[in-house]
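1. Coordinates for the following, if possible.
(chains A, B and C)
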Amino acid sequence: MKHFTKMALAATVAAGLCTSAAADIYAPNLSYRTGPFAATGIPLMNGQKDYFTMINERDGGIGGVKIEFDECETGYSTEKGVECYEKTKGRAVVTQPWSTGITLQVLPKTNVDMIPILAPGYGFSPMADGKVFQWAFNAPGSYWDAASMILKFISQDNLDNLKGKKIAFLHLDHPFGKEPLPFLEAKAAQHGFELLPIPVGLKEMQNQSAQWLQIRRERPDYVIMWGWGAMNAGAITEAVKTKFPMENFIGTWWSGHDADLKIVGEDGKGYKSISFSRPMLDAAIQADIKKYVVDAGKSQSNPEEMSGVFYNRGLVISMILAEGIKAAQDHFKVGEINAEQLRWGLENLNVTEERLAELGMTGMVAPFKTSCSDHTGHSGGWVLEWDGKAFVEASDHLTPDSASIQPLEVEKAAEYAAANAPWPINEECK
Amino acid sequence: MLHDIFIAPFQDMFSAPDFLLQVLWEGLVSGILYALIALGFVLIFRSSRIFNFAQGIMVVFAALTLVGLHAMGVPAWICVLLTLGVMFVLAMAIERVVLRPLVGQPDIILFMATIGITLFLIGFGEIIFGGENKVMITEELGIPTGSWTLEPFGGLLILEQKDVTAVVVAALLVIGLLVFLSRTQMGRAIRALGDDSQAALSVGISLHTIWVLVWFIAGIIALVTGIAWGARAGVSFALEVIAYKALPVLMLGGLESIAGAIIGGLMIGLLEKLFEIYWGQPLMGGNTETWFAFVLALLVLLFRPQGLFGEKIIERV
Amino acid sequence: MLYRTAGQYKTSYASDQAVFPVRQDAILLGIILLLAWVIFPLTASEFTFQTLLIPILIYSLAALGLNVLTGYAGQLSLGTAAFMGVGAYACYKMVTLMPWLNPLVAILLSGAFSAGIGVAFGIPSLRIKGFYLAIATLAAQFFLVWLFEKWGWLYNYNSSGAIQVPNLTMFGVYVAGPQASTIVQYYVVLVVVSLLTWVTINLTRGTLGRTWKATRDMDFAAELIGINLMRSKLTAFAISSYIVGVAGALFVFMWRGAAEPNLFDIPLSFRILFIAIIGGLGSIMGNYLGAILIVGLPVMLNTVPEALGIHIDSATVEHLNIMIVGSLIIFFLIIEPHGLARLWALIREKLVIWPFPH
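-> Residues are numbered from 1 along each chain as shown, chains lettered A, B, ... in the order given. The predicted model follows:
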């Protein structure tokens, strides 16, 4: 009985894999529309999907080749993530893992399977070192970029102003939340401010009173938050409750979701979040999305969500992938590019102001450029502030302090490569 | 080291008494909510020997139904009634489809079945309501949202009005439940079933009716918990994990004791908050709330196997 | 006809007590082993290895470990995943501290650590029983996962707090880490799982197994006939945790390649408990049947709509999937509370007398 079941399973699986046609470029997305993180996942996934639907409807794909943008649901579970990766890797030109846990898991495999990972604004910060992480991309910004920009912003561009100050770092107790710690610790030592890491357990995301009591006791000057999913809403309501001054509370780009702030509404006024993208509701692309996707009934989104930060960030993320595909097509002069060619494309992204204008996305992301040694691009970003109803811009364009981030990236990337020896290094790259 | 463990925390407590009061208040509020969930467990366990793991998801489901109905434009208080209706239908369905065919099976099988129910409700709930974090309709239900700021010892003590409401409502619910169990025929039937099911059946108490009833009461408790907790941090499926918090309460208080659930819940709420603030955060890197209650309950049971309030004999497998 | 036992006479007690009293059982096992050892590796795709074969074997092993404790010795545990974590972290520390260590040896040794911790958390079982014990094992579950998170030494103080499996070789072949090929990993898993299954079958049939069963069925009675309950329960915790720990090491080293602490959180424990219960408590084969159902089914369900050419949104598929798994658990509990192993035993009984039922 055991083997019959197994054979039946194998047969079904095999049948399932063979039915889809391979005429398009297959770009799967390991989405999470379920589970405790779904709240932040859904708008991002909708934005990503709508962008490619629009490209396919309006332009007939990229370079005349349709993009088959498919979702594989992970529920933010690494186990499902690996299943999705294995399921899609046969045809996929890219893998978009959408969780630091899944990224860590797939990262070593992509070297062997030769599939680029695209993790815009998340994953592992040292992925920026393209010599070591040949197949991984986290354009346009890494977590260390975000941390650096936040420090710059709160110190009015001079980190020495932070001397003697106390900064609480409220983070999810998970690889994602710990990601900026090495950078923040280095900066704290260098500029003489006190860093107080406060972890929030996965089970305590909605019950953070202990963490906020600690904040009240320690009286930090600033709270920096690395939150995700249900943790954001929990932290923001607690901050309101304990009367922490909102203007000194600043989150990473995944902690700036409109729906989380709507829970507190006016009380959340002054809360800030760094962001590599901006919602530009009058950008030309919005009209096209409306015309080709929304009016055609092909969107799962709604107007409220579509005006938010996360949906628009989803658009930007898909744009980065689409630009990578286009760069590869132009360079290799083929329509149906493969994974290896896309790697070249993502390594040679050049998103300029003009290109953004052509795409109708002026201002939605800052111009950036990748190279074989820089897989991040370090576009910088803006600080967005909650005005009680929506996120509005609260700073000029900020750039990360790449001079101090880069050595750390190289160091940590080398550490990773050493721990995973033998690890292939791209020696050709200067 | 010893100074950090035995002296410094108490110095902290006395040097900032207003803060200590705030910690105790926070502990009290979470303790009340743990007690409520534990109460749901105890009621079902007493009457049917089922360790109902689905209590956590029932909280989420009730809260989502309430918010979902309101989003469809139904007035708030009618939503509450409709949600109670939904919980009743759910209780009937569980009794009919799951429990009735499993009567008399070993406890662990019934326990597994409730995990099956949990999975089913997660999938079902996400299809119907979607996975987004939703805002609890606190104001629409007439729950005050402001806060009172007191200044004991020249310090600062913030009492959220919705927390106060939660405490008051929970207390009323518990009193109501105790009155129901001791003064009404139905309530006595529930207790009879818990004390001796064979004897209860032989005097004509209907097992099926009682089961639907206790599951419905567990549903009401779930709705109250859902409103109280949802008002604090929004309603999403992440709320489901609070069910785990009720388990050490049950260990301490005993699976069958209503008083145990209440006192155990309050104790755990207070102690875990005190431990986290004064020992966990300074000495152990924080986040000790995930395990403190379990370890505490374990230690208590090692020295007092019958629990704090349990019956003398714990001989159940 | 296929399963006729006529003509197979038992002439001694030894033959009556054999592992395979009926010849067909041995043949069937032979076929299964042939499939697992030869046919599958020759035919399976990378996807099948990664999402079905390897995880099913590892989950079966973990369920086997739990089954020793819950099914044979009657001690309900909800902390399985944490003990898997102990095995995985122990293995990680061993291979990073002693890179010369043979990976297979490291995996088999790592179980010893979780056995030790298992015994420590098993001590409350001497005082408390039933659901109280189950909740007590949750203390292990939550405390250990917290420890994996907080104790930097365990993950070599790396910044993400996750462990990453390095490339490990055995006799010049990569067996773990990104460079290892799936088929090699499959064979390593298969060797370990077969070995431990064989050992467990023998253990459960021997003195120790009978002691456990006596403890499970009635502890007073067991004590009266001279069984040392403490030793019986603690050996069950030790051996169960050993197997679970090895399963944990395999889980991370042979399958996942990386692990963060919350991987070993309670959903994994429940998953393994499901496998053990749906498979059948107190049965060895049940673990495999359970794992095929619980691990294999969702993978299969995911491919069904695609295979039928229906396009459903993958999130909806996932939701339906959870609902179906939940309903199936209830369904199987209702039709056969003693699990798939009992179901197979019933089918086998029918087959023995088929086609002449009397």
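2. biggest helix in chain C, by residue count?
-> Looking across chain C with DSSP state H, the single longest helix is helix C:182-205.
3. right, is that helix up against chain A?
-> No. Remark: helix C:182-205 sits outside contact range of chain A, by Cβ under 8 Å from any Cβ of the partner chain, the gap being at least 9.4 Å. C-beta: built from backbone N, CA, C; applies to glycine.
4. Tell me the secondary structure of the residue in chain B that chain A sits nearest to, please.
-> Of all residues in chain B, B:G131 sits closest to chain A, at 2.8 Å by Cβ to the nearest Cβ. Under DSSP: H, G, I helix; E, B strand; the rest coil, the three-state class of B:G131 is coil.
5. Surely it and B:F237 touch.
-> Yes. Using Cβ atoms under 8 Å, B:G131 is in contact with B:F237, at 6.3 Å.
6. What is the helix or strand following the longest helix of chain C packed up against?
-> The helix or strand immediately downstream of helix C:182-205 is helix C:207-217, counting by DSSP states H and E. Helix C:207-217 sits against helix C:219-224, helix C:229-250, with contacts defined as 3 or more Cβ pairs under 8 Å, 6 or more residues apart in numbering or on different chains; DSSP states H and E.
7. Contacts for helix C:207-217, please.
-> By Cβ atoms under 8 Å, 6 or more residues apart in numbering or on different chains, the residues outside helix C:207-217 that reach it are C:68, C:72-74, C:203-204, C:221-222, C:225, C:227, C:229, C:231-233, C:235-236, C:239, C:282.
8. before we move on, the earlier item: so which residues lie in contact with the longest helix of chain C, not counting its own?
-> Taking Cβ under 8 Å, 6+ apart as the rule, helix C:182-205 contacts C:19, C:33, C:36-37, C:40-41, C:46, C:49-50, C:53-54, C:57-58, C:60-61, C:64, C:68, C:72, C:103-104, C:107-108, C:173-176, C:209, C:212, C:239, C:243, C:246, C:250, C:254-255, C:284.
9. picking up where we left off before, looking at the helices and strands packed on helix C:207-217, which one is packed in the most?
-> helix C:229-250 (a mean of 26; mean count of other Cβ atoms under 10 Å in any protein chain shown).
10. which ones are touching the closest residue to B:G155 other than its chain neighbours?
-> In this structure, B:G155 finds its nearest non-sequential neighbour in B:D18, 2.4 Å apart by Cβ to Cβ, 6 or more residues apart in numbering or on different chains. Residues in contact with B:D18 (Cβ under 8 Å, 6+ apart) are B:151-157.
11. by contact count, what packs against the helix or strand harbouring B:V224?
-> Per DSSP H and E, B:V224 falls inside helix B:207-233. If you count contacts as 3+ Cβ pairs under 8 Å, 6+ apart, helix B:207-233 packs onto helix A:230-241, helix B:17-48, helix B:55-71, helix B:76-93, helix B:161-183, helix B:185-195.
12. Give me the mean pLDDT for the second one.
-> What that stands for is helix B:17-48. Averaged over helix B:17-48, pLDDT sits at 86.
13. hang on, the earlier thing: out of the helices and strands packed on helix C:207-217, which gets the lowest mean score?
-> helix C:219-224 - the lowest mean pLDDT of the helices and strands packed on helix C:207-217, at a mean of 88.
14. interface residues of chain B facing chain A?
-> So chain B meets chain A at B:16, B:19, B:22-23, B:26, B:29-30, B:126, B:130-133, B:135, B:147, B:158, B:160, B:229, B:232-234, B:236-239, B:241-242, B:244, B:273, B:276-277, B:280-281, B:285-287, B:289-290 (Cβ under 8 Å from any Cβ).
15. who's in contact with the residue of the stretch 201-350 of chain A found nearest chain C?
-> Proximity of the stretch 201-350 of chain A to chain C (Cβ to the nearest Cβ) peaks at A:L202, 5.4 Å away. Contact analysis of A:L202 by Cβ under 8 Å, 6+ apart lists A:36, A:172-174, B:241, C:262, C:265.
16. same check, this time on C:L281
-> By Cβ under 8 Å, 6+ apart, the neighbours of C:L281 are B:108, C:67, C:70-71, C:338-339.
17. Residue 84 - nearest residue in space that isn't next to it in sequence?
-> Using chain A here. Nearest non-adjacent residue to A:C84 (Cβ to Cβ, 6+ apart): A:C72, at 3.7 Å.
18. oops, chain C please
-> Closest to C:M84 by Cβ to Cβ, 6+ apart is C:G248, at 2.9 Å.
19. and the helix or strand containing A:L151, does that touch chain C?
-> If you go by DSSP H and E, A:L151 is part of helix A:143-154. No. Residues of helix A:143-154 are not located near chain C by Cβ under 8 Å from any Cβ, the shortest gap being 10.4 Å.
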